[in-house]
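Q: need a structure here:
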Amino acid sequence: MVKKVLIGFLVVVVLFLGYVATRSGTFRYENSAIINAPAEKIFPYLSNFKMGGQWSPYEQVDPNMKKTFTGEDGQVGSAMDFEGNSEAGSGRLEMKEIKPNEFVLIKLIMTKPMNAEQMIEYKLTPEAEGTRFTWTMYGDGGFMTKLMTVLIDCEAMFKGQMQKGFDNLKKVVETPAAAPSAAEPAASPAQ
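A: Next up, the predicted model:
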């Protein structure tokens, strides 16, 4: 009897893993919001890793996150290595492309809780009432992403984090005192 139960359990596991293997490992999540501020006021918070901590929902879950900055912040080639708690994880952000007041492309390399690489795009588009901030995350997570998307609604999870980021950024840039000083966007080189 025990042998039949074990065999039945193994068949279910093999069928489940076979189903997971047939799913796509690629993903693309996108969300946007209107920020009541001009692109020039928003852009430094997207293109400078040091200023990103003021609104990033991922950095805010761990106020004690260790961060190391390399390169000239706000420039292609700059990077931030981070080591956070179990919610924030650990990894590296690398600035890949910048179009002032319009577009930022960042590569995210996660090392904890699991290894993964993905791309992050921030796009700013003028709208009558302010600026549309579109945040996109995409990549190919392989088998682990396939498994996670079967067990968890990853799109809803990421879009929820994006919404928290929009709300945080609105608080930072929509208040009159939020304008960054001329010195803030051009942060000092590597620490």
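
Q: rest of the way, CA atoms for contacts and neighbours
A: OK.

Q: residues in contact with Asn168?
A: Gln54, Trp55, Ser56, Pro57 (CA atoms under 8 Å, 6 or more residues apart in numbering).

Q: separation between it and Ser90?
A: Remark: distance between Asn168 and Ser90 (CA to CA, to the nearest Å) = 22 Å.

Q: would you list every one of the helices in the chain?
A: With DSSP state H, the ranges of helices along the chain come out as 2-22, 39-47, 49-52, 57-60, 142-151, 154-173.

Q: per-residue confidence for Glu174?
A: Looking at Glu174, its pLDDT reads 89.

Q: tally of neighbours for it?
A: Using other CA atoms under 10 Å, Glu174 has 16 neighbouring residues.

Q: do Glu129 as well
A: 11.

Q: Now the phi/psi pair for the closest residue in space to it that isn't next to it in sequence, please.
A: Nearest-residue entry for Glu129: Asn36, 6.4 Å, with adjacent residues in sequence omitted and distances by CA to CA, 6 or more residues apart in numbering. Per-residue torsions, Asn36: phi -80, psi 70 (degrees, to the nearest 10).

Q: now Ile34: how far from Lys123?
A: 12 Å.
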